[in-house]
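Trainee: please find the sequence and the predicted model below.
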Amino acid sequence: MKKLIFIFVLLGIFSCSDYIDKPKNLIDKDVMAEIIADLAVNDQAIFVYPDKNMEAGTRAVLKSHKVKSDDFVESFKYYVIKEEMDGIANDAQQILLKKDPKADKYIKDRLKQNGVVVPLVR
């Protein structure tokens, strides 16, 4: 009986490995944050040009960072499963705020007025 319990404990310990293997071409967290910041800017362009296909913009962002789309997708999945995407998204937000200091002022003013940030587009 003790041997059986010992076997189950060992199986439990070894079964607690990672859910996902590290991708072969994992993108660094800092580069990932920069890509996500650029993709956020690209995503907002759809409101300026609603009739345009923004897929080319997405490809251009990935190409400017010298990243293949498959590598980006695999890295994104890896960071989401590892629960590291929140930190990367916060870093991307800080990158965007450095690029446009007016956005930081706008967010702070909205927080003072309402306590919540009102979405720019509904």
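Mentor: Thanks, I have it.
Trainee: give me phi/psi at the closest residue to L39 other than its chain neighbours?
Mentor: Beyond its immediate neighbours in the sequence, the residue positioned closest to L39 (C-beta to C-beta, 6 or more residues apart in numbering) is V61, lying 5.6 Å away. C-beta coordinates here come from the backbone N, C-alpha and C atoms, glycine included. Reported as degrees, to the nearest 10, the phi and psi values for V61 are phi -60, psi -50.
Trainee: what's the neighbour count on V61?
Mentor: Here the count is done by other C-beta atoms under 10 Å, and V61 has 21 residues near it.
Trainee: ditto for I107
Mentor: The burial count assigned to I107 is 13, neighbours taken as other C-beta under 10 Å.
Trainee: can you map out the helices along this structure?
Mentor: Taking DSSP state H to define them, one finds helices in the chain at 2-14, 29-48, 55-64, 69-81, 85-99, 101-114.
Trainee: out of those, the one nearest K22 is which?
Mentor: Proximity to K22 (C-beta to C-beta) singles out helix 69-81 among these, at 6.6 Å.
Trainee: show me what counts as buried in the closest one.
Mentor: Within helix 69-81, the residues scored as buried using 16 or more other C-beta atoms under 10 Å are D71, F72, E74, S75, F76, Y78, Y79.
Trainee: does the residue nearest to L39 really touch N42, like I thought?
Mentor: Yes - counting by C-beta atoms under 8 Å, N42 is a contact partner of V61 at 5.6 Å.
Trainee: wait, isn't I46 in contact with N53?
Mentor: No - under the criterion of C-beta under 8 Å, I46 is not in contact with N53, lying 9.4 Å apart.
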